[in-house]
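Student: after the sequence you'll find the predicted model.
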Amino acid sequence: MPRRWWALVAVALATFMTYLDNNVTNVAIPTIQRSLHLSVAGLEWVVSSYLLAFAALLLAGGKLADVYGRRRVFFAGLTVFTLASLGAGLAGSGGVLIVMRLLQGIGAAMLVPTTLAIIVATFDDLRERTAAIAVWTAIGAMALAFGPLIGGLISQHLHWGWIFYINVPVGLVTAAIALPAVQESRDTSAGRHLDLPGLIVSAIALFSLVYALIEGHDKGWTSGLILGAFALAAVAAAVFMLIEARSEHPMIPLALFRSQVFSGGIGIMMLWAFGIFGIYFFTSIYLQEILGFSPTKAGLTFLPMALCIALFAGISGPLAARMGAHRLVALGMLLNAAGLVLFARLGAGATFADLMPGFVLFGAGSGLMQVPLTNAVLGAMPRERSGIASAILNNSREVAGLLGITVIGAVLRSRQGAALRHGVLPSPAFLDGYHAGLVVTIALVIVGAAVGYLALRRAPRPAATVTDVAAAAEAGPAVAELPAVAEILATEEAQAGTRA
């Protein structure tokens, strides 16, 4: 097998590990609580510490990969993540486990942006790259879907530490495959300049925002600490924009967002993640608390969705070449909405069979839209910026997902509380809140479908997409619609030189 396909195997394994860790702990929380004698607050930090570090440092990981080399950062992230996984499995106290989860998040923040960037740098042939991105997308989606099942099986039949131990052999195998297969690549236009002020301020902004979103419910949304965290996030975000506008070597070239395809694609991802991550979290509660499913059965329920995501991601490349990315992304989002409508019709007596149509439609829609959306976002900027493009794409999903969990949760709890005050029993009250959250999610996904159709119309069809702007100039009229990102960047760099 050619070396480039072994490189894909390596980054796919790394993707599986990091995505799996996003949700594998959820169904094992009761076992961890009994074993380590943790409070509710301690349990929240076991889950959230990983997400805090991951979301706060993901942009920094993308820039570090572009500047210092994607292969180098890939191995650094893989080492940190694997060793932290071993430490988490061995943890004998809540404090140690929380620290190890934080380190896992740091490792994942370095790993995740390099995986997609390595694919873009490794596969020059467009059809091969489209197939590789489809595999990458399917692996990540399957890891997210298999997480609850794996966590449930381990928590019921093995020591909870094996949730983290399983990353160790996978990490070692990944390193053994990647050493000879993954070649070094970096952003040659950036030299070795690192936007350190931008890195620090962006991390502060994201950490403050994520902290406020996670702790707001328990500490009170109007408490001084939470309001201060939101204010710090807003101020840091404003300072970050100012730094990036004036920097000669910005972490995020703001001119890239002048591309309708790039900015629209990021917006679509955020709308999808805002609704889907929130409702995914509460669907797990619905399955276990209302329908009475065991953790293993609840995890098993998500498998048909995972299989549909993998299947439809595999066929989305040829479909996008025929239909255009804008039509396929819009269709995928509408199928997501249709699946959620079916969920909104279910009650406390739903069976496994009743759940399947909604999961199948949702999986099909997600599989159809992820690959063309990823291709459109990465194709809207120069190839050497693929590391930061991958980081922005992933970061937008994580931040919007955390916001979705918080906001959809607030809608659910508000509706649930109102029902309880009117004498409704707890289970029907939760269903009222769950259905209200679904309505909000459906509306967001429909908006995403409209944005996808309008914003991605200028994206070239995959059969005509090229790897960079220079190649596009030689490819003829089929790719004439590709945004002139290189020209925009050159203009902004010239302006920065004038200011200097």
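Tutor: Received, thanks.
Student: how many neighbours does residue 90 have?
Tutor: Residues near residue 90, counting by other CB atoms under 10 Å, number 13. Placement of C-beta: from N, CA and C, glycine included.
Student: roughly how far does it sit from residue 161?
Tutor: Distance check for residue 90 against residue 161: by CB to CB, to the nearest Å, it reads 7 Å.
Student: ok, residue 127 next?
Tutor: For residue 127, the distance to residue 161 - CB to CB - is 43 Å.
Student: neighbour count: these two, which is higher?
Tutor: Taking neighbours as other CB under 10 Å, residue 127 and residue 161 compare with residue 161 leading, 20 against 13.
Student: could you report the pLDDT at that one?
Tutor: Looking at residue 161, its pLDDT is 90.
Student: look up how far residue 91 lies from it.
Tutor: Using CB to CB, we find residue 161 at a distance of 8 Å from residue 91.
Student: where does the nearest residue to residue 28 once chain neighbours are set aside fall, secondary structure wise?
Tutor: Leaving out its chain neighbours, the residue that sits closest to residue 28 by CB to CB, 6 or more residues apart in numbering is residue 155, at 3.9 Å. Element membership for residue 155, per DSSP states H and E: helix 126-157.
Student: now swap in residue 77 and tell me
Tutor: Using DSSP H and E, residue 77 sits within helix 70-90.
Student: can you check residue 354 too?
Tutor: Element membership of residue 354 [criterion: DSSP H and E] is helix 352-379.
Student: which helices and strands sit right next to that helix?
Tutor: Packed against helix 352-379, as judged by 3 or more CB pairs under 8 Å, 6 or more residues apart in numbering; DSSP states H and E, are the following elements: helix 94-122, helix 126-157, helix 260-285, helix 295-301, helix 303-323, helix 325-344, helix 386-421.
Student: let's see 6 Å
Tutor: helix 126-157, helix 260-285, helix 303-323, helix 325-344, helix 386-421 (3 or more CB pairs under 6 Å, 6 or more residues apart in numbering; DSSP states H and E).
Student: could I get these in CSV, plus columns for mean pLDDT and distance to residue 112?
Tutor: Shown next, in CSV, are these (pLDDT from 0 to 100; distance: least, CB to CB, whole Å):
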stretch, mean pLDDT, distance to residue 112
helix 126-157, 79, 9
helix 260-285, 79, 14
helix 303-323, 83, 18
helix 325-344, 91, 22
helix 386-421, 75, 5
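Student: what's the angle from the helix holding residue 354 to helix 303-323?
Tutor: Following axes from the mean of the first three to the mean of the last three CA atoms, to 10 degrees, one obtains 40 degrees for the angle between helix 352-379 and helix 303-323.
Student: show me how far helix 352-379 is from its chain's centre.
Tutor: The chain centre lies 14 Å from the centre of helix 352-379; the measure is CA atoms, centre = their mean, to the nearest Å.
Student: going forward, count from 336.
Tutor: All right, first residue 336 from here; so that's helix 687-714.
Student: regarding the most far-flung residue of the chain relative to its centre, what is its secondary structure?
Tutor: Distance from the centre of the chain peaks at residue 758, with 39.3 Å (CA atoms, centre = their mean). Classification of residue 758 using DSSP: H, G, I helix; E, B strand; the rest coil returns coil.
Student: phi, psi of it?
Tutor: phi 90, psi 10 (degrees, to the nearest 10).
Student: and it, what does it touch?
Tutor: Contact analysis of residue 758 by CB atoms under 6 Å, 6 or more residues apart in numbering lists nothing.
Student: circling back to that earlier point, give me the buried positions along the helix or strand that the helix holding residue 490 is followed by.
Tutor: With elements assigned by DSSP H and E, the helix or strand that comes after helix 461-492 is helix 497-500. By 16 or more other CB atoms under 10 Å, the buried positions in helix 497-500 come out as 498-500.
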